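# Any chance you can model this:
(one chain, ligands or ions: 1)
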Amino acid sequence: MSDKTIFQRIIDREIPSDIVFENDAYIAIRDIQPRAPIHVLVIPKRFSARLDDIHDSSELGELMQTAIQVARSLSPDYRLTVNVGKQGGQEVFHTHVHILAGWENGPQGH
Ligand code: 5GP
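Predicted coordinates:
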């Protein structure tokens, strides 16, 4: 049994995903269980389990810049969220930013 995270297996092409953006350092894929009309995950290829494990401010900044760039390519307005830790709603322990967008009247109760 592999101890890679599901996102590492996606990065390594061991399991398929719907890729919307990729470069040397990041991959952005459509969420398998979308909670908005547009729901994309931006995942750094350099492994960290959770956002607050990234201590380098330029690495953090680049992650946000990449998430913004991908989000803007999908929708003029959007929501970015990061779940940090189990109590924060994190299920996959490989840092990622959610892009949520495409609601007709904004997120409302989402
Ligand atoms: P978290 O709760 O950790 O912030 O978010 C993990 C997200 O990954 C969830 O929204 C979940 O639907 C998504 N996810 C889990 N497994 C897969 C998968 O195999 N493929 C894709 N594309 N998304 C996944």
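# if I pick I54, what's in contact with it?
Taking C-beta atoms under 8 Å, 6 or more residues apart in numbering, we find I54 in contact with 44, 48, 60, 63, 95. Bear in mind the C-beta positions are built from the backbone N, C-alpha and C, glycine included.
# Weed out the non-buried ones from those residues.
Buried subset of the contacts of I54 (neighbour count, 16 or more other C-beta atoms under 10 Å): 44, 48, 63, 95.
# Among the contacts of I54, which one sits closest to E104?
L63 (29.0 Å; C-beta to C-beta).
# who touches the helix or strand hosting that closest one?
Element membership for L63 (DSSP states H and E) is helix 57-74. For helix 57-74, the surrounding residues in contact (C-beta under 8 Å, 6+ apart) are 20-21, 25-26, 28, 38, 40, 42, 44, 46, 51, 54, 78, 80, 95, 97, 99, 101-102.
# So which of those residues belong to strands?
Here DSSP state E is the test, and these give 20-21, 26, 28, 38, 40, 42, 44, 80, 97, 99, 101 as lying in strands.
# Out of the residues you listed, which are close to the ligand?
Among the ones in strands among the contacts of helix 57-74, no residue is within reach of the ligand (C-beta under 6 Å from any ligand atom).
# Take those and lay them out in CSV including distance to I10 and pLDDT.
Formatted as CSV, the ones in strands among the contacts of helix 57-74 follow (distance: C-beta to C-beta, whole Å; pLDDT from 0 to 100):
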residue, distance to I10, pLDDT
V20, 12, 98
F21, 13, 98
Y26, 12, 98
A28, 11, 98
I38, 18, 98
V40, 13, 98
V42, 12, 99
P44, 13, 98
L80, 20, 98
V97, 15, 98
I99, 16, 98
A101, 21, 98
